[in-house]
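> here is a sequence with its predicted model. Questions after.
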Amino acid sequence: MSEGMELKLFGDKNTIAVFEALPAAFQKRVLTTAARGGATVIRKAAKANLRANGSIRTGLLDHAINLRVKHYSSGTVWAGVGVDKGVSGRTISRRNITPANYLHLVEFGTRHSKAKPFLRPAVDSSKAAVQVGVLKASERGLAREIKKLTKGAR
């Protein structure tokens, strides 16, 4: 089951009114920036956990950890952190490997190797930092969009 975070606007009524007065495309860009800001925190934590666990052999898994942002027609913006399926490389033995095929083996372990979780702990340990990341990114995005609007009004 995946966990999510819902962003609700509250606080200064003038700020909320300004956001809601923005055109839909501008709101979408602000929400995208906010979602990306939160996911970036988790991505950095996951990479740090991976390095701390000593789980890096080829560096491909570290390189493949990425974030993705999706937009839905309902206006919802979703951001997630995972392994990019397009990343692959060759090992010393010249075998082609894809990190997406073995991520679960590192995260959960096998009967031959113990689990070295890095993604779940990244999510669990950075919930407060994600909120701060979302807030800072949304402030930057809102300021950028307001600047664009005011520049076009001149």
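Looks like it came in fine. Numbering: from 1, shown residues only.
> surely residue 85 is within a strand?
No - Residue 85 is assigned coil when assessed by DSSP: H, G, I helix; E, B strand; the rest coil, not a strand.
> I'd like to know which elements the biggest helix by length in the chain is packed against.
For the chain, the longest helix by residue count, based on DSSP state H, is helix 24-52. Packing partners of helix 24-52 (3 or more C-beta pairs under 8 Å, 6 or more residues apart in numbering; DSSP states H and E): helix 13-21, helix 60-64, strand 65-71, strand 77-83, helix 119-125, helix 127-153. For the C-beta atoms, the positions are set from N, CA and C on the backbone; glycine is no exception.
> any buried residues in the longest one, and which?
Residues 130, 133, 134, 137, 138, 141, 142, 145 are the ones in helix 127-153 that count as buried (16 or more other C-beta atoms under 10 Å).
> and the furthest pair within those?
Maximum pairwise distance in these, criterion C-beta to C-beta, is 21.8 Å, between 130 and 145.
> and the nearest residue to residue 132 once chain neighbours are set aside, how far from residue 94?
Spatial nearest neighbour of residue 132, excluding adjacent residues (C-beta to C-beta, 6 or more residues apart in numbering): residue 41 at 7.8 Å. Going from residue 41 to residue 94 by C-beta to C-beta, to the nearest Å gives 37 Å.
> these two: who's more crowded?
Per other C-beta atoms under 10 Å, whichever of residue 41 and residue 94 has more neighbours is residue 41, with 24 against 6.
> tell me the contacts of the more buried one?
Neighbour list for residue 41: 126, 129, 130, 132, 133 [criterion: C-beta atoms under 8 Å, 6 or more residues apart in numbering].
> if we go to 10 Å?
Contacts here follow C-beta atoms under 10 Å, 6 or more residues apart in numbering; on that basis residue 41 touches 67, 81, 122-123, 126-134, 136-137.
> quick one, what contacts residue 27?
Shown in contact with residue 27 (C-beta under 10 Å, 6+ apart): 19, 20, 21, 75, 77, 141, 142, 145.
> can you pull the buried residues of the longest helix of the chain?
26-27, 29-47, 49-50.
> same deal with stretch 94-102?
For stretch 94-102, by 16+ other C-beta under 10 Å, it's 97, 98, 99, 100.
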